[in-house]
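> Would you be able to build a 3D model of this:
(chains A and B)
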Amino acid sequence: MEQEAPAGWEFFDSVDFPTDHIDDPMGRPRVRHVVTAVVVGHEGAAWLPRLSEALWALNPRPDRLIAVDTGSTDETAELLASMPGVEPVVSVSARTGFGTAVARGVESVGFAPIPSPYGPYGDDAHMPVVEWLWLLHDDCAPAPKALEKLLLQATIAPEVGIWGPKLRLWPRDRDLLEVGVTTSLGGRRDTGIENGELDQGQHDQPRNVLAVSSAGMLVRRDVWETLKGFDPRLPMFRDDIDFGWRASRAGFQVGVAPDAVVYHAQAAATGERALAGTRRHAYQLDRAHAYYTVLANAPGKLLPILILRFLLGTILRSVWFLIGKTPSGAVDEWTALLGTLLAGGWTQARKDRRNLDKVPYDDIKGLFSRSVHALRHNLEETTSTISERIREAWADEPEEQVVTTARRAKSTARVAVGQPRWRRQLMRRPFLVAWVVLALGTFIAGRSLIGSGVLRSNLLLPAHENLAALWHAAASAPTGVTPPAWLGQFWALSTVMFGPSGATNVLLIGAIPLAALAAWALLRAFIVDRGARAWGATAYGIAVFTNGAITQGRLGTVVAAIVLPLLGAAAHTVARRRRVLVQGSWRAAWFAGICQAILFAFTPAIGLLVAVTLAVGGVLGLGWRRQGRQLVFSVVLGLVLVLPWTIQLVLHPSLLGQEAGGRPTTAIGPGDSLPHLLTGTPVGGPTPWWFAVPLILVALVSLLRESRQRYELLGWFVALVGLVGTLVSSRLGGGSGPLMFLMTAGWVIAVTVAWDSVGKSSEVLIQGVLGVVLVTTIVTAGFWLVRGVDGPLWRGQAQDLPAYLVSAQGPPTNDSILVVRKAPGSPMRYSLVKDGGPRMGSVEAAPKPEQVKPITDVLSTLGGGGSGEEGRQLAALAVDYVYLPAPVDATLQSTLDSLPGLTRASANEGDASWLVDRSNGEGKSPLGEVTHNLWRILGLIGWIIALIFCLPTVRRTVAVPHGTHARRDR
Amino acid sequence: MSSLLSDPRIRLGACVLAIAVVGGLAVVTNPKQPNVEPQAAQAPTRSIVNRTALACPAPAAGGKQTSVVSGVAPALPAGTPVAKGDEAPLSISPLATTADPLGSLLVRGKIGSSPAATKPQVLSIRGTGPLAAGAVGTSTAIATSGVNSGMASAPCQLPGSDFWFVGGSTAPDRRDVLTLTNLDSINAAVNVTIYSNKGRLDVPSARGLVIPARSTYELFLDQVARSQKDLALHIVSTGGRVAPALRDYATKADKTPAGVDWIGPTIAPSTKVFVPAAAPGPGQRKLVMANPSDLQATISLTVNGPNGPFKPAGLETVRLPAGAVSTIDLTKVLHGDASGISLVSDQPVTASLRMIDKSGSDFASISATEGLTGPAYLVLPAHQQPAILQVTAPGKASSVKIDLRDAAGKSLQSRAVDVIAGSTTQIAFKAQSAPTYLTVEQTRGTVVAGVTLMPDPKSDDTPQVAAWPLSTSLVFRAQLGAQPDVRAALR
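Model (predicted):
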């Protein structure tokens, strides 16, 4: 029965339309090719009609078409039976692998008979006959001339035993999938094609490859029979590579004929059809088969190195999976490797393959992809995975995204139509412009703070010399003293910010752009108008300056200013009501917890206010449901992450009045001044208090609007909380620099929300009010540019001692220097300098008075004239030098001069220095240090867990070979 | 709540009200001064003076003279920390370690003296223990004739490393000797810088003087700086401590002796200098000023007389070249009144006042002192004329408490004195045949004080002129103690 070609076969390019004969352009003698095609179908009803069409259009057609159905439940069998010139469909079980199915089909039907050379069309046996097996998937479709081109190449190069076509993607037929395939010795399948690469003829050179995909593979019958088909141990994944590798070893070449095109729907790779045929994870199966293929075929001398390499890769990948919160991926990795290595199937396979070795490994070495490529590919894949996951994490929910996009479209429509493109782009991105201005302004405002040396102020001790010193200081403190929690966090920042000094520079000098960026990330969540958003972020950044946090070197306030908007964004993500089933986000809750831990460490007062607000507001406003619980969880997490410090905060509530930098920061606040208190400007700040008045007035006026009051009242709530906190703190003798920053931040939010609502209005009054806001901001920014370098922050040496005393603190002498400062009318103040002198956190981790009492006693006695024994006593306390910085107290100087055991040493101009005679035996320093290793380890584990939980999840991506024939698991 | 807040007027009112309430609370409450001191400063330690060593200078032998050193561990105000332990006596002894003590201070509040000696020698008051706190002494030598005629008396000196003297001279009528005493057990090395009216002198022989342990060194100024009218000395020890004293012999034009006395150390140069206690009565009063800086000093002079401050006509402003020492005669200006002198300069200067009795046969010198910040103690030797305590308040009105006690610690005169701003108040103490000791405690404002002894011009005895400045006892300067402060290591 002659079958009709179904309609629609003009689907294929007309240029691919069949022509008549397979002629060799080089004029070599003709060869008679006899082709047996095998189609294996499995649940392929969606694609089989296309394959039928393609077979109809094919010219020449295969001499015999065998169809194998592997237990499909849909109409696959019927569709297979209706293919042109098909033999009766062979049915096998659903578990049968592709190779086995092909073998069964060939076994039961047999190869196509060789036509008789005699007769009307016969060549009288002049032409040699070559028999071929052509493998087809049910989701592929050969182009009409595919077989012709394959056979043409086979005619040209008769020594090649396996031919493969060029695979292109079915729906978008310009996308290139494969032109031959190879593997690295690490097991990575490598097609040499970039993801999404278009076919522009760039790979159209017939060439030898290691293997070709089984979709469209043309195998010479003797090769098929010599190699005994595909390895039955590989039902999917790597069966094609193993086959090609074996062929190469056996001396049969594998070639790719790019002129022959086969379209492939990639049903398995795109997930349209479930991977099946096994009960194991696809990922595990992929790894296991990769190992098996390499182990079974690689030369014996390389095996130890390869196994080592597999181990290393497995370890790396399992760490990656653990970080990415997919522990089952790590389990897959290890079961795949150990299962393959220990099961021993590969040793049998090696034995089986020993007798087909005809070509030494070195001759086919060039066909493998180099490991460097694999590494590069891995790296690219990892980075793209990370960026994709981060994009996903930051993206709004799909429902909301639509709204946001629409809003954004509305807000950007008709901006600067008719302007040049670059200017239009700039006008559409006001925050980008503002941020670049802030970043440039940072360098102008910090002009004298850039250079060598370390940043110092009366509130900022010099940063540690290196990461190791900071790491030590973060967990070490004199007995009975808890090191401040912020040191550990600062260490973590320093590891990625060029060391402690670099981190200080970035935080203090770059505080304004960083804070502005963080504020922008928050404002993006609920501010639509780009102008308002840009203004809000900029004003928030400049508020860090007006607060004096930069000029005074208050690291705590700067960090709080950067972290607060991020915390706000996370809390917003948790608390907002969404039109989705699952409310809240655990990942955001973990992140909020981390932010709160940072606030607790750097600015405990803000930490407390935020924690109370989130816990109470979460439970009252959102109820003890998922979202409320998430907020409470974030508070608890924040308290747990800074744990020994939390206990300190409870035991010593006065720490709430301090920020990073210790007790000296309590001097920052409104003082006695009422205007400073009400405008949120600390006394001694760089700007006068009335700079904040326009902002407050506009924030008050904006309360009169009707719409969107929720966010605006939130801003006012923040400001009033800061105000009340400042009042309470200053009345209890604490510092309130960060709290006053909170006030300014609240007003900035209120005004930004108002601007967002009325920004499009053309009313003169509203435009005037916005103009006032803008002018105030610009004036303050100008103030910042000019006066940014004023103030106590300066750059200089980390120590004020002579160079020889600085170097004496290091090995081998490890001297300690007693620096004594005496101002007239005040007691002596002293510090025992060793190991680099006072550094960040030294004030908080200062030894207790009891611990330094021996030194205090010696100095007190010296102040009263001394008893003559002090030289020996100082030596017994392991003090090597006594140093009096200028102005030197004459009485003390003369007392020290007369002291036996002290010799004058050289000192800086105006200072005085003595060398203590320590020749009589060893001294013992009164300062003992305890390293809190337990807390450190617990803290590290806690932080790693928290970070992993707020990072996006890693997915196991199986690089499904494009030709893989899918099976369903039954 | 949310329905209430939906009314814009209520929203605005609530926010304004909240700000107003906070502002109101801020007005009615007072901020607590933040405590930025290091943690240890919560319980300050106090220095306890438990060792003292005072050098009591002695004039050279010559003529018929009696020399005596009197010392006392004075009664301290209640609450003053003193060293614990037994009250080991302080000894008045010669410098040599092997020498026997000549006298001792056994009990707090009782004056101890060395026996009157005709051959004066440098003595020390030294000791360790509770009595050391506040111990003071005075060395006095009296002669009726000869080169040492008159009274030479000076408080025993606490060793140190940086001293200034103003008012020395190597003019033909003067012979000045700098005595440097080292009480410690290690040698001291001393540099002496000399300033004259022509500027700083280059005197290599006065540099690098080594004063052996427990000994005295005498530097004759006319050997290093001949024929200089006015001199100022800066003594710096580069190792060890010394107690310097400047002994000054004067002769009249007819080569008869015109007395001997000690020129006391003055304060380090400063832009505000107060010279207390210009003795009342007739006789010359000369102010010697030194400007060791590298720039010309413009000094404005104020006399704090008994009736208040005034600027002397013609001497309102005095210019002193860089590095120079110069003398101005204030005899007419002071008009024989008890006065203090205030100098305000644009460059750091220092000064002393030389007082010569009417007959010109004895003199005394008083140097600029620091204002009193606590009790000051002074042992007064036996004197035949009333001694005058002069208290000057150069700034605001001030008050002091005065307590004069006899050798057994019995109070002779005790009162509180208010000093009018800018004026000098004088209190006379009757003649005493035995040493007494005086406590002057500043209770309000800034005061400088000194005690002078000026003979009655009608008497025909050998005039005895002396002056003693009062300075805050070390006990009250040193008791601030020490406290650990990490940031002390940084500027």
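> what separates the longest strand anywhere in chain A from the chain centre, distance-wise?
Longest strand in chain A by number of residues, with DSSP state E as the criterion: strand A:253-264. In terms of Cα atoms, centre = their mean, to the nearest Å, the centre of strand A:253-264 is set 39 Å apart from its chain centre.
> The next helix or strand after that strand packs against which elements?
Downstream of strand A:253-264, the first helix or strand assigned by DSSP states H and E is helix A:282-297. Where contact means 3 or more Cβ pairs under 8 Å, 6 or more residues apart in numbering or on different chains; DSSP states H and E, helix A:282-297 is packed against strand A:182-183, helix A:239-249, helix A:303-323, helix A:327-343, helix A:345-354. Any C-beta I mention is one placed from the backbone N, CA and C, and that applies to glycine too.
> Excluding chain neighbours, what is closest to residue B:317?
Take residue B:317 and drop its neighbours on the chain: the residue closest to it by Cβ to Cβ, 6 or more residues apart in numbering or on different chains is residue B:300, 5.3 Å away.
> Now do the phi/psi pair for that neighbour.
Main-chain torsions, residue B:300, degrees, to the nearest 10: phi -100, psi 130.
> got a pLDDT number for it?
Listed pLDDT for residue B:300 reads 94.
> pretty sure it contacts residue B:349?
No. Counting by Cβ atoms under 8 Å, residue B:300 stays clear of residue B:349, with 11.1 Å between them.
> ok now the helix or strand hosting residue A:514, how far from the chain's centre?
Using DSSP H and E, residue A:514 falls within helix A:511-523. With Cα atoms, centre = their mean as the basis, helix A:511-523 stands 20 Å off its chain's centre.
> and that helix, what does it pack onto?
So helix A:511-523, by 3+ Cβ pairs under 8 Å, 6+ apart, packs with helix A:430-445, helix A:530-546, helix A:555-575.
> Give me the distance between the spatially closest residue to residue B:104 that is not a sequence neighbour and chain A.
Spatial nearest neighbour of residue B:104, chain neighbours left out: residue B:89 (4.4 Å); criterion: Cβ to Cβ, 6+ apart. To chain A, residue B:89 is 17 Å away according to Cβ to the nearest Cβ, to the nearest Å.
> Go ahead and report the secondary structure state at residue A:550.
coil (DSSP: H, G, I helix; E, B strand; the rest coil).
> which residues does it contact?
Residues in contact with residue A:550 (Cβ atoms under 8 Å, 6 or more residues apart in numbering or on different chains) are A:508-509, A:511-512, A:544, A:558, A:788, A:791, A:793.
> could I get those as TSV with neighbour count?
As requested, those are exported to TSV (neighbours: other Cβ atoms under 10 Å in any protein chain shown):
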residue	neighbour count
A:508	23
A:509	21
A:511	24
A:512	29
A:544	26
A:558	28
A:788	24
A:791	16
A:793	25
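> of the residues you listed, closest to chain B?
Nearest to chain B, judged by Cβ to the nearest Cβ, of those is residue A:793 at 13.7 Å.
> Looking at the closest one now. What's its pLDDT?
At residue A:793, pLDDT is 90.
> what residues are up against it?
Residue A:793 touches A:449, A:455-457, A:460, A:508, A:550-553, counting by Cβ under 8 Å, 6+ apart.
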